[in-house]
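Asker: let's see this in three dimensions:
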Amino acid sequence: MILLSSFYLAPVEYYAALFHAENVIIEIQDNYRKQSYRNRCIIGGANGPLSLSIPVEKPEKGKSRMKDIRIAEHGDWRHLHWNAIISAYNSTPFFQYFEEDFRPFYENKFRFLHDFNEELRQLICSFIGIETPYSYTLEYVKEPPPNIIDLRETIDPKKTSSCEIPQYYQVFAEKLGFTPNLSIIDLLFNLGNEARLYLINIHTTKP
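Answerer: This next block holds a predicted model:
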């Protein structure tokens, strides 16, 4: 069993851990932390890795739990994110196959960041065939029991991946070289259904 945070289009290592686990608990009672994958993802653009961040409303004092974080309605971020995704992945083998499933997330408004993240995660899991049972925390898990592996802060933009990420086809690899551990959509749009086979071969620490 593993303990994960709620992330926006999380990186490949997140989904590898999710895929290999027998059960997953997703932490939503933790204090929201800036500059994490909670509200940002990293995609593979024509000029290298590109970070996309969702603006959030400044939480009131004492009310900064992840489940309470609201998405801010400024900066036209949905339009910017979707255009960036199209620019990065329109020429990938499978983007057009998945395009209409992802588009509504950038046309419809979600009030809470957690809801947005989790609906995207469930959609991606359905495409890849990840059926790992999951639940959400009812209170913050301060000290996980011995049978639970805590990956909440292990997977972080500022940290090197805890598992080896094998190379796979990327449209800009010839120009830029292979970029590991980008958002799961990079893997999905480049490999399509083979994304599942790829995740099988990633070595992770099994619960």
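Asker: can we go C-alpha only for contacts and neighbour counts from here?
Answerer: Fine.
Asker: for the chain, which segments count as strands?
Answerer: 2-5, 24-27, 40-45, 48-53, 134-136, 149-150 (DSSP state E).
Asker: nearest to Q96, out of those?
Answerer: Between Q96 and the strands of the chain, the shortest gap by C-alpha to C-alpha is with strand 40-45, which sits at 16.7 Å.
Asker: low pLDDT regions in the chain?
Answerer: By pLDDT under 70, the weakly predicted segments of the chain are 61-63, 203-207.
Asker: max-length helix in it?
Answerer: If you go by DSSP state H, the chain has its longest helix at helix 113-128.
Asker: what lies in contact with it?
Answerer: 6-9, 28, 39, 56, 66-71, 105, 110, 131, 188, 193, 195-196 (C-alpha atoms under 8 Å, 6 or more residues apart in numbering).
Asker: quick one: contacts for the nearest residue to S87 once chain neighbours are set aside?
Answerer: In this structure, S87 finds its nearest non-sequential neighbour in G45, 7.4 Å apart by C-alpha to C-alpha, 6 or more residues apart in numbering. Applying C-alpha under 8 Å, 6+ apart to G45 gives the contacts 84, 87-89, 172.
Asker: next one: G45 from A88, what distance?
Answerer: 5 Å (C-alpha to C-alpha, to the nearest Å).
Asker: mind listing the helices for the protein?
Answerer: Going by DSSP H, the chain shows helices at 12-20, 77-89, 95-102, 113-128, 173-176, 184-191, 195-200.
Asker: no further questions, thank you.
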